[in-house]
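Undergrad: pasting the sequence and the predicted model now:
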Amino acid sequence: MSELAFFIDYSRCIGCRACVQACEECDTHRGRSMIHLEAIDERDSVQTAPQVCMHCKDPICARVCPADAIKQTPDGVTQSALKPRCIGCSNCVLACPFGVPNYYGGIDQMMKCDYCYDRTSAGKRPMCATVCPSQALAFTTLEEIERTRKGKAINRWVFGSEVVETKVFVVTPPATREVRLDLVQLGGKKHEPFDVAALLEGSP
Amino acid sequence: MAKLSDTIENLVARYGPRVQTEPADGWQPIGEADRLVKTHCCFCGQQCGIQLKVKDNQVVGFEPWEEFPFNKGKLCPKGVKRYMQNTHPDRLLAPLERVEGHGFREVPWEAALDRVASEMKRIQAAHGNDAFAVLTGASLTNEKAYLMGKFARVALRTANIDYNGRLCMVSAAAASKKVFGIDRSGNPWSDIPKAEALLIAGSNVAECSPITTDYVWQARENGAKIIVLDPRLTPIARTVDLFIPVRPGGDIGIFNAILHVMIRRGWIDREFIAAHTVGWEAVEKAVEKYTPEYGAKIAGVPPSLIVKAAEIWGPAKTSFLLHARGIEHHSKGVENCMAALNLVVGSGRIGREGCGYAMITGQGNGQGAREQGQKCDQLPGSRDVENPAHRKYIAQVWEVPEPSIPHKGLSAVPLLEAIHAGKIKGLLLICFNPLVSLPDQNFIRAALEKLEFFAGIDFFLSETMRHADVVLPGSLMEEDEGTTTNVEGRVIHHKKAVDPPPDAWEDWRVICELARRLGAADKFKYRSTKEIFDELRRASSGGVSDYFGITWEKIDEQMGVFWPCPALDHPGTPRLYEGARFGHPDGKAHPQPVEWRPAAEETDAEYPIVLTTGRTVAHYLSGTQTRRIGGLVAQTPEPWCEIHPRLAAKLGIADGDFVKVESRRGDLVVPARVVTTIRPDTVFVPYHWPLDRAANRATIRAIDPISNIPEYKICAVRVSKTARPDDLIARLPPQAGGLL
């Protein structure tokens, strides 16, 4: 069996927030949830999207840290800022392309999703992916995903001219090879909102 | 006297609902637990396996239980946060007695029990046995449900016992019994991913049965096409193949028209119909006029959507129907379900792998609690209280003369009406919060206020219990041992994780003590819930829901046992109707012709908008438990009114405005959420909150003639913009019925 990995399938998410509630139950950061659940457009859609740390192979948050406080484990997990080193500058918060790190003023430290390192390093699955009722968050092998799901798991992101590879995969429509997030595309595409009224009038 | 003995503000300040925002010791790391108890969630009918972390006789957290086959570790936010109840400051820790003008005072157990028993005797002596009623709930274990039924019939000898499953499963139950002869989901959940076509009718799966979501998505990964019927685009409907935004109350238009198309296109299994059904001709005749155009008019959708649905469902080789309260909460709830079941019968796809149907049970023990004899018309083993042979069998198990067992009593809504009419004078209530959950709240409150004596057993003082004369502090699910029966018909084992606090008792001990005071000690001499279960096994033996071969040990070994399980060496029955052998004496399915009819109250010029109600993922039923848990209250602090932008524009309502939702019976004021995901002729309000935020102030007290389920899913209202209320109720915290 190949290595267990983390997969996000946004098309499965039902917005129940079990992941958010379960994350804050972890002993290493009890009371603070490290996962984000975004509502995409509450007025026109019930779509929601969970966001864990993608664990970039070359983590931008660590590269921009002036205090060298953000470390990557040998198995590719980027951790929260080290308390003695973190200077609370929030460079990492601004630099992360996925919006993951949070700066907590009360403790003057950046904390973020750490792949449930206490669990995953001991052979357990991360809390969010274990409880997720829709399995929009899944912790399993790439073979299992390919066997049981129609979509394709990819971990290559293109932000304009910058390419980012991540430890965490996203499940996308089968023909996708990489996720392209060009700024032009974000601003320029016309958004066609879903409307029950339109469906009732015969124009789905 | 069942009027409030103090102001609502004072009662809320003393007894809550307050929010436990963090664990008793703060957000400290738990560290090593004393033990992990493999048990189940106390909330909905999914009854997910969970491990409770116990430290110093307190439940302090949880760990997923990945080996339990139904949910494999998955949990919804309610399951994750359920542990926070165990150390809650609102917990009732001593019996309470009403003091006029001063709320409640604590009294010793002996005095409280004596008073309840003597009031029972006094009322029954003066007004007859049936003048004292018992209302119970479907979140009770099988053992407690059985005990409540026996207590009412043997100790109190009242006909009037019913339960809050009357608001939940009874339409589905009656329809399944009529068509297939057994009241249970036909299949285990493992059949869902094996189906080519799924029809999800009136079920907000993502919020009300979240764990089922993965089964539905897995079916899709395997190539299934999915149809969802709902007036709102719910999270599960967003990405399915066909979403039909049906008008509330219009479901029969869709079901009958799909069947009409199936007949025309030759998608009926004629061999199956001939060999295994009776009465199909009448069904065909009934749907003759239900062309897609005719059905679409009833359903308020374009006919093309119905044709598309028929093209998915009709030719499929395997299929699964899932239905829930969306089609069941109607004054024609049983007919709605039967029309849906006709699609299963016509296709012949039942009783095989990947072929069948299920009703998605809402309450924790929604399935089991309706089998053990706490329904007004049933005895244990799903037996009929009017059937002489059934009465005789149970009389022998209970060691009482058959004539001493009362006959059929009143179901929940007529029972409250009888209280209002002064015919029922006394009430014992457990596991039921009518002052949130029953329709037409103003009437229900007026009824409760007329009671001469009202006693209750609960662990928190619910909105209804505030009206009680005596409150007896009971137990949480994790403080007692017993069984429930999950949504699939799988009987599972709830382990005791911790002891109740010193002066709270396990519910069954309270009932046995009351029975002793009523002179029935010899019939209630149980020393444990296991002894109650063993009697339940014998009482159910030979009945439809036969538990005789189920033992707690066998449940643990097999990770649950599906009924019927008539013998100790029987493995249980995950899938019903294999080999097309149905539950009727003739072994056949009995499909029923269904004709659409309007709701009890349709819209008119004065009340032009449809109100439909439902649930949200962070809360469970009347919210007695979940409105006290921090993370859940933070997730969804207060109710709202969902309204389409077109309707909102017409009414001058903007997102976030406060709106008054007003029916002929009452009104509520909540903030508006303007969304394009709901039909423009319908508004939606979730029902978990009390007082001026209660959706059930507006809903109608109309019931289905067969199942007696209330019509929560459709009534006529008007909606208007209003100023933010600033009265005493509005100033309560949101979980108590105030505003954020």
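TA: Noted; the coordinates are in hand.
Undergrad: low-confidence ranges in chain B?
TA: B:1 (pLDDT under 70).
Undergrad: buried ones in the longest helix seen in it?
TA: Across chain B, the longest stretch assigned as helix under DSSP state H is helix B:109-127. For helix B:109-127, a neighbour-count test (16 or more other Cβ atoms under 10 Å in any protein chain shown) marks B:109, B:112-113, B:115-117, B:119-120, B:123-124, B:127 as buried. (C-beta placed from N, C-alpha, C; glycine too.)
Undergrad: relative to the whole chain's centre, how far out is that helix?
TA: Helix B:109-127 sits 30 Å away from the centroid of its parent chain (Cα atoms, centre = their mean, to the nearest Å).
Undergrad: kindly export it (C-alpha atoms) in CSV.
TA: Taking Å, rounded to 0.1, in the frame of the first residue of the first chain, the C-alpha atoms of helix B:109-127 are listed here in CSV:
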residue,chain,number,x,y,z
TRP,B,109,-36.8,12.6,46.0
GLU,B,110,-39.2,10.8,48.3
ALA,B,111,-41.4,13.9,48.7
ALA,B,112,-41.3,14.6,44.9
LEU,B,113,-42.2,11.0,44.0
ASP,B,114,-44.9,10.8,46.6
ARG,B,115,-46.5,14.0,45.3
VAL,B,116,-46.5,12.8,41.7
ALA,B,117,-48.0,9.5,42.6
SER,B,118,-50.6,11.0,44.8
GLU,B,119,-51.7,13.5,42.1
MET,B,120,-51.9,10.7,39.6
LYS,B,121,-54.2,8.8,42.0
ARG,B,122,-56.2,11.8,42.8
ILE,B,123,-56.9,12.8,39.2
GLN,B,124,-57.6,9.3,38.1
ALA,B,125,-60.0,8.7,41.0
ALA,B,126,-61.9,11.9,40.3
HIS,B,127,-61.9,11.9,36.5
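Undergrad: not counting that helix itself, show me its contacts.
TA: Residues from elsewhere that reach helix B:109-127 (Cβ atoms under 8 Å, 6 or more residues apart in numbering or on different chains): B:95-97, B:107, B:131-132, B:156, B:158, B:425-426, B:428, B:452-453, B:455, B:469-470, B:472, B:503, B:505, B:510, B:513-514, B:517-518.
Undergrad: give me the buried entries from those.
TA: Neighbour counting by 16+ other Cβ under 10 Å classes B:95-97, B:107, B:131-132, B:156, B:158, B:425-426, B:428, B:452-453, B:455, B:469-470, B:472, B:505, B:510, B:513-514, B:517-518 among those as buried.
Undergrad: and chain A, which of these reach it?
TA: Among these, no residue sits close to chain A (Cβ under 8 Å from any Cβ of the partner chain).
Undergrad: quick check: residue B:426 touching residue B:451?
TA: Yes. Between residue B:426 and residue B:451 there is a contact under Cβ atoms under 8 Å: 6.6 Å.
Undergrad: right, and residue B:600 touches residue B:710 too?
TA: No. Checked against Cβ under 8 Å, the pair residue B:600 and residue B:710 is beyond contact range at 9.7 Å.
Undergrad: more neighbours: these two, which one.
TA: Remark: of residue B:600 and residue B:710, residue B:710 carries more neighbours, 26 against 19, as counted by other Cβ atoms under 10 Å in any protein chain shown.
Undergrad: excluding chain neighbours, what is closest to that one?
TA: residue B:439 (4.6 Å; Cβ to Cβ, 6 or more residues apart in numbering or on different chains).
Undergrad: on that earlier part again, overlap of the contact sets of residue B:600 and residue B:710?
TA: Residues touching both residue B:600 and residue B:710 comprise B:700, B:702, with contact defined as Cβ under 8 Å, 6+ apart.
Undergrad: quick one: the residue nearest to residue B:710 from chain A, how far?
TA: From residue B:439 across to chain A, the span is 26 Å (Cβ to the nearest Cβ, to the nearest Å).
Undergrad: with residue B:583 instead?
TA: 32 Å.
Undergrad: ok, and the closest non-adjacent residue to that residue?
TA: Per Cβ to Cβ, 6+ apart, closest to residue B:583 is residue B:181, 2.6 Å.
Undergrad: count the residues that sit near the one you found.
TA: Using other Cβ under 10 Å, residue B:181 is surrounded by 20 other residues.
Undergrad: do residue B:482 as well
TA: 29.
Undergrad: ditto for the one 5 residues further on
TA: The criterion is other Cβ under 10 Å. On that basis, residue B:487 has 25 neighbouring residues.
Undergrad: check residue B:218 too.
TA: Neighbour tally, residue B:218, other Cβ under 10 Å: 18.
Undergrad: wait, isn't it in contact with residue B:192?
TA: Yes. Between residue B:218 and residue B:192 there is a contact under Cβ under 8 Å: 7.5 Å.
Undergrad: mean pLDDT per helix and strand in chain A: which one sits at the bottom?
TA: Lowest on mean pLDDT, DSSP states H and E among the helices and strands of chain A sits helix A:183-188, with a mean of 57.
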